[in-house]
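Undergrad: model the structure of this input:
(one chain, ligands or ions: 1)
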Amino acid sequence: MDTLPNSTKLEYSTDEKYMLRCIEIAKNGIGSTAPNPSVGAVIVHKDRIIGEGYTSAYGGSHAEVNAINSVKDKSLLSKSTLYVTAEPCSHFGKTPPCANLIVENKIPKVVIGLQDPHEKVAGKGIEILRNSGVPYSLEY
Ligand SMILES: [Zn+2]
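TA: Residues are numbered from 1 along each chain as shown. Below is the predicted model:
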């Protein structure tokens with residue numbers, strides 16, 4: 001019987017796997033969201049994706065909002081992890097802040113790809129989560 005050679009396939013951690021999926025999804029919005037970046041978000045419950053979203057065309061909903069809206073059973077939100085490529089926003093622009101929406105939906109864990117460099121956000125979205133006691137990680 002053949003034995004497999006040492007695998008060269010990359011092994012991703014669970015968090016990395018879902019963050020890569022977020023990036024995949026974010027690509028759908030590229031080109032239509034300017035001046036906002038295209039963001040991808042995935043909601044995971046028990047290692048299963050229950051919601052996905054990416055930034056709508058400028059003025060529309062953000063990725064987190066679309067992902068939360070795509071979840072059929074909203075009661076699972078309080079037991080799920082939200083993965084998002086960029087920090088949830090904290091200011092009232094065209095839409096209410098996503099960080100507040102995450103808190104309102106009692107999402108217990110948030111994994112953020114990178115801190116939003118935009119001067120109106122820059123850590124304030126994370127601050128809302130922290131002040132509300134939502135555990136988050138910024139790992140990438
Ligand atoms: Zn937002």
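Undergrad: confirm Val111 sits in a helix?
TA: No - using DSSP: H, G, I helix; E, B strand; the rest coil, the assignment for Val111 is strand, not a helix.
Undergrad: Provide the partner residues of it in its beta bridges.
TA: Tyr83, Ser137 (DSSP bridges).
Undergrad: quick one: contacts for it?
TA: By CB atoms under 8 Å, 6 or more residues apart in numbering, Val111 lies in contact with 15, 18-19, 81-84, 136-137, 139. C-beta: built from backbone N, CA, C; applies to glycine.
Undergrad: closest one of those to the ion?
TA: Closest approach to the ion among the contacts of Val111 (CB to the ion): Val84, at 9.1 Å.
Undergrad: my guess is the closest one contacts His62, does it?
TA: No - contact criterion CB atoms under 8 Å: Val84 and His62 do not qualify, at 9.1 Å.
Undergrad: now the contacts of Val111: which count as buried?
TA: 18-19, 81-84, 136 (16 or more other CB atoms under 10 Å).
Undergrad: where do the contact lists of Val84 and His62 overlap?
TA: With CB under 8 Å, 6+ apart, Val84 and His62 have common neighbours Val39.
Undergrad: need the contact list for the most centrally placed residue in the chain.
TA: Centre of the chain computed as the mean C-alpha position; nearest residue by CA atoms, centre = their mean is Val84, 1.7 Å away. Contacts for Val84 (CB under 8 Å, 6+ apart) come out as 22, 39-42, 63-64, 67, 110-113.
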